[in-house]
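[1] here is the input, now give the coordinates:
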Amino acid sequence: MIYPSYCCINLTLQEKYGYTTNRTMRKATFEEKGVPYASSLAKQNVCDLLKILEWNVVNNIKGFRITSNLFPWASEYSLVDLPDWEEISRTLKSCGDLAKERNLRLSAHPGEFVKLASTKENVVLSSIKDLEIHSEIFDVMGLEASHWNPLNIHVGMKYSEVTSKRFVDSFSRLSENLQKRLVVENDDKESSYSVLKLYEDIYQEINTPITFDYFHHDFHDDGWSTGEAFLLAYSTWDTTPLFHYSESKALHEGINVNPRAHSDFIKKYPDNFGFDIYLDIEAKKKELALDCMIIGE
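    Just a heads-up that it's a prediction; the model follows:
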């Protein structure tokens with residue numbers, strides 16, 4: 001069975017009601033309006049997150065990836081210092097309660113600037129801070145510290161044994177709850193981390209599960225078939241895996257764009273090789289791209 005989910009934005013609710021969880025601002029605006037304005041945006045974001053999750057439950061969608069923009073400029077303040085924190089934290093708890101009651105799987109995918117394997121200490125420190133904020137949000141939501149609610153990242157560097165060691169060393173600096181949530185994803189460039197390299201250098205050292213991205217594997221298979229890489233990644237999980245799936249915009253629409261660009265919709269039902277998986281559909285049309293995959297009760 002495949003349990004499909006989508007990422008960060010609900011286009012239906014955005015168009016109809018203006019619901020979004022991505023309200024943010026430029027650095028100049030933050031410097032001008034400060035933490036109170038960031039707090040007001042965050043309050044609106046988490047209120048709309050609850051509405052999106054309620055919509056997902058009604059529409060039998062089993063998962064959702066929470067945006068990393070929930071708290072604008074979150075690295076510049078402590079969440080508990082936000083003027084609206086009491087209301088924000090209460091709403092986040094309601095989100096977590098709904099997810100647990102209705103078996104709605106929540107995840108997050110901190111961005112490309114998270115590089116635990118960087119050679120620069122300031123980059124590592126900012127990466128750790130970013131990840132800890134994500135984990136703190138999940139804690140406030142009351143989500144268990146486990147790979148059921150994963151925080152997914154890339155190594156984000158060219159492959160080398162030295163890079164792998166730096167990643168493993170940085171992992172030891174993370175809080176316990178964050179370590180229990182962290183998972184790593186295979187890359188789409190041949191110089192970076194394949195499923196096999198993640199397995200040999202990361203998983204075997206720190207037991208961090210591997211998020212199998214079908215599309216990335218197409219560009220960097222390291223000599224392994226899709227089925228072989230899928231099963232290797234699957235074997236690293238201590239719960240039902242959450243994998244990623246997308247397709248090429250260039251192939252779908254016959255236009256000259258980067259072949260790695262994601263299509264609006266998906267045309268192929270992915271092979272789950274007989275195993276249950278949760279699957280983030282990384283299509284540009286978000287929940288609209290799930291129409292062919294929604295599972296009835």
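
[2] number of nearby residues for S235?
    Counted by other Cβ atoms under 10 Å, the residues lying close to S235 total 12. Backbone N, C-alpha and C define where each C-beta goes, glycine included.

[3] same check on the one 4 residues further on?
    Close neighbours of T239, defined as other Cβ under 10 Å, add up to 13.

[4] which residues touch it?
    By Cβ atoms under 8 Å, 6 or more residues apart in numbering, the contact set of T239 is 146-148.

[5] kindly recompute the last result at 10 Å.
    105, 146-150, 209, 278 (Cβ atoms under 10 Å, 6 or more residues apart in numbering).

[6] roughly how far apart are it and R181?
    In this structure, T239 lies at 11 Å from R181, with Cβ to Cβ, to the nearest Å as the measure.

[7] repeat that for S191.
    In this structure, S191 lies at 28 Å from R181, with Cβ to Cβ as the measure.

[8] looking at those two, which is more packed in?
    Taking neighbours as other Cβ under 10 Å, S191 and R181 compare with R181 leading, 27 against 10.

[9] quickly list what's touching both of T239 and R181.
    Between them, T239 and R181 have 146-150 as joint contacts when contacts are counted by Cβ under 10 Å, 6+ apart.

[10] which residue ranges of this protein form helices?
    Taking DSSP state H as the test, the helices found in the chain are 11-17, 27-58, 85-101, 121-141, 161-171, 176-181, 195-198, 204-206, 214-219, 226-234, 249-253.

[11] need the winner for burial among those.
    Neighbour counts (mean count of other Cβ atoms under 10 Å) averaged over each of those peak at helix 195-198, with a mean of 26.

[12] who touches that one?
    Residues external to helix 195-198 that are found in contact with it (Cβ under 10 Å, 6+ apart): 154-155, 159-161, 163-164, 167, 183-187, 192, 203-204, 208-213, 216-217, 220-224, 226, 228-233, 236.

[13] measure the residue in the chain sticking out farthest from the centre to M25 for me?
    Note on the chain: the largest C-alpha distance from the chain mean falls to E32, namely 30.5 Å (Cα atoms, centre = their mean). Using Cβ to Cβ, E32 is found at 9 Å from M25.

[14] re earlier: what's near enough to touch the residue farthest from the centre of the chain?
    The contact partners of E32, taken as Cβ under 10 Å, 6+ apart, are 25-26.

[15] quick one: pLDDT of the closest residue to G96 other than its chain neighbours?
    Spatial nearest neighbour of G96, chain neighbours left out: M141 (3.2 Å); criterion: Cβ to Cβ, 6 or more residues apart in numbering. As predicted, M141 sits at a pLDDT of 98.
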